[in-house]
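Trainee: Build me a model from this:
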Amino acid sequence: MPSRKQRESVSSFVARHGLWSDAQADAAIAVDKAIKRHKLALVRFSFCDQHGILRGKTLVASEAPRAMRSGVTMTSTLLAKDTSHRTVFPVFADGGGLGLPEMQGAGNIMMVADPTTFRVLPWAPDTGWMLCDIVFPNGKPVPFSTRALYRDALARLARLGFDYMAGLEVEFHLFRLDDARLATADLTWPPAAPAVSHTTHGFQYLTESRFDQVDPIMRVLREAVMGLGLPLRSLEVELGPSQYEFTFGPQTGMAPADTMVLFRSALKQVARRHGHLVSFMCRPRLPHAFASGWHLHQSLLDATSKANLFVSDDGTEPLSRLGRAFLAGLLAHARAAAAFATPTLNGYKRYHGINSMAPIQAIWARDNRGAMVRLMGGPGDPATHLENRVGEPQANPYLYMASQIHAGLDGIARKLALGAATEAPYEMSAEPLPKSLAEALDALARSDCFRSSFGNAFVDYFLTIKQGEIARAQAEDGGDPAEVTDWEHKEYFDLA
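Mentor: Reported below is the predicted structural model:
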């Protein structure tokens, strides 16, 4: 006869609905032991919402083993919120305003931990952390789970015999925190942005002396990131005042998106503990601020051999036939995909300057930083890959990467031809990238590719949330398409 513990395990929410793989079940046992070994006091359970923000609950450690297996309840209204944390949908209407009976009346969703993501937080050594997936209490998948949507894209690749590899190159701003703006008058919705001062003068790109000046705080950030086991490669002082960049080595499957989510959250938490503020807002409303980007390095691998399928064996072509079709798909769907790569109004302030190192049209080039997609490598080079330079640091990584996969696979399926590379990225020769979030959303609304791959329900849901964001901006300040507005600074500067 099975033991009581075995009976409880079999009857748990996770077991009843088959929500863990064998690897996750094994990892859960290891987590049980790690909680005791590290004498943890707390365990954080977090999921990534539609904006790429981690939300969740903190449990005392003694409750964590049960919670891993039974799930942690969360209100479904979290999925109905915009970047100001306002609820966009009428959650008490039929179907919660989303056509889903499970979301009517602000009912619960369930966070189901992925035990393979467990970590002890280096900056909070008595605290464990796990990333979660979300399902409904009846065990059905939540169609607005962005991590699940990315998993679906990876599964689509796997059925074709492919795996996805990606590396991250992320710019951000690091300031000294002068005033958190917690006075009662500042607690508007959203609240006033914190007041900050600079950590570097800027305009001395990659100089060693500038890096040494900020080494004390960079050391703290580096130790936290590496303590999480993330594949950090470099720390760089960028051109703009208080602007920096971290780069990460390539990872496969779910890992690079999970890395981006954890990296952003870790940097913001650790910086705040040390009297600093990290902002992933593309272009803060501060004098002389430079726009930040997120460059996504990517390639497809053979799922069995792990060989890089973008490597060309033709000395006359820098990219394999498969790679050329994938790249053609990225370009063909660039305008619609921009809604996922650059999902804030502020992010489009990158695309207005000539010779700004930010792309303005859907073109590719060989080792040219002005193009949307930069081809790295060449015939026979095992490191051959594509660098998409269109993204902003606040993008939801699951949606950004899934959109790349779906666009590229459409190029492969339709055997799209790749046009010639450009050497003049700021001379208009191709379809322009959207100059505003509204333009990108219009392209997404009309995209058969993304409606078929993400599903109409998710695309319409995403459009509603982002269109509500635009409407609020226009109501407050007109939504200036050229200049960074006070509304944007309040909305995005300390978005977390």
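
Trainee: Which helix or strand in this structure has the lowest average pLDDT?
Mentor: Within the chain, no helix or strand scores below helix 4-10, which has a mean of 45 by mean pLDDT, DSSP states H and E.

Trainee: Setting aside sequence neighbours, what's the nearest residue to A25?
Mentor: In space, and not counting its chain neighbours, A25 is closest to P115: 7.9 Å by Cβ to Cβ, 6 or more residues apart in numbering. (C-beta placed from N, C-alpha, C; glycine too.)

Trainee: tell me the contacts of that neighbour?
Mentor: Contacts for P115 (Cβ atoms under 8 Å, 6 or more residues apart in numbering) come out as W20, Q24, A25, A27, A28, A30, V31, M68, M130.

Trainee: next one: P434
Mentor: Counted by Cβ under 8 Å, 6+ apart, P434 has contacts R335, A338, Y348, Y351, A440, A443.

Trainee: biggest helix in the protein by residues?
Mentor: Secondary structure of the chain per DSSP state H: the longest helix is helix 456-477.

Trainee: So which bits of that one are buried?
Mentor: By neighbour count with 16 or more other Cβ atoms under 10 Å, helix 456-477 contains the buried residues F458, V459, Y461, F462, T464, I465, K466, Q467, G468, E469, R472, A473.

Trainee: Can I get those in TSV including distance to M254 and pLDDT?
Mentor: Shown next, in TSV, are the buried residues of helix 456-477 (distance: Cβ to Cβ, whole Å; pLDDT from 0 to 100):
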residue	distance to M254	pLDDT
F458	18	98
V459	22	98
Y461	22	97
F462	21	98
T464	27	97
I465	24	97
K466	25	97
Q467	30	97
G468	29	94
E469	28	95
R472	33	94
A473	33	94
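
Trainee: With distance to P425 added, can I get those in CSV?
Mentor: As requested, the buried residues of helix 456-477 are arranged in CSV below (distance: Cβ to Cβ, whole Å):
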residue, distance to P425
F458, 32
V459, 30
Y461, 34
F462, 29
T464, 34
I465, 32
K466, 27
Q467, 31
G468, 34
E469, 29
R472, 34
A473, 29
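
Trainee: nearest to P191, of those?
Mentor: Minimum distance to P191 across the buried residues of helix 456-477 is 14.9 Å, recorded for R472 (Cβ to Cβ).

Trainee: pretty sure that closest one contacts T83?
Mentor: No: using Cβ atoms under 8 Å, R472 is not in contact with T83, being 9.3 Å away.

Trainee: Reformat the contacts of P434 as TSV; add distance to V170, secondary structure and neighbour count.
Mentor: Output for the contacts of P434, formatted as TSV (distance: Cβ to Cβ, whole Å; DSSP: H, G, I helix; E, B strand; the rest coil; neighbours: other Cβ atoms under 10 Å):
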residue	distance to V170	secondary structure	neighbour count
R335	23	helix	20
A338	18	helix	31
Y348	18	helix	25
Y351	18	coil	20
A440	21	helix	25
A443	25	helix	20
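
Trainee: Report the lowest-confidence entry in the residues you listed.
Mentor: Across the contacts of P434, no position has a lower pLDDT than Y351, which has 80.

Trainee: List the residues that contact that one.
Mentor: Y351 makes contact with A358, P359, I360, L433, P434, K435, according to Cβ under 8 Å, 6+ apart.

Trainee: Let me see the confidence value for the third one.
Mentor: Which is I360. On pLDDT, I360 comes in at 91.

Trainee: Run through the helices of the stretch 1-150 of the chain in chain order.
Mentor: All helices of the stretch 1-150 of the chain, identified by DSSP state H, counting those that start in this stretch, fall at 4-10, 13-16, 22-37, 64-70, 146-159.
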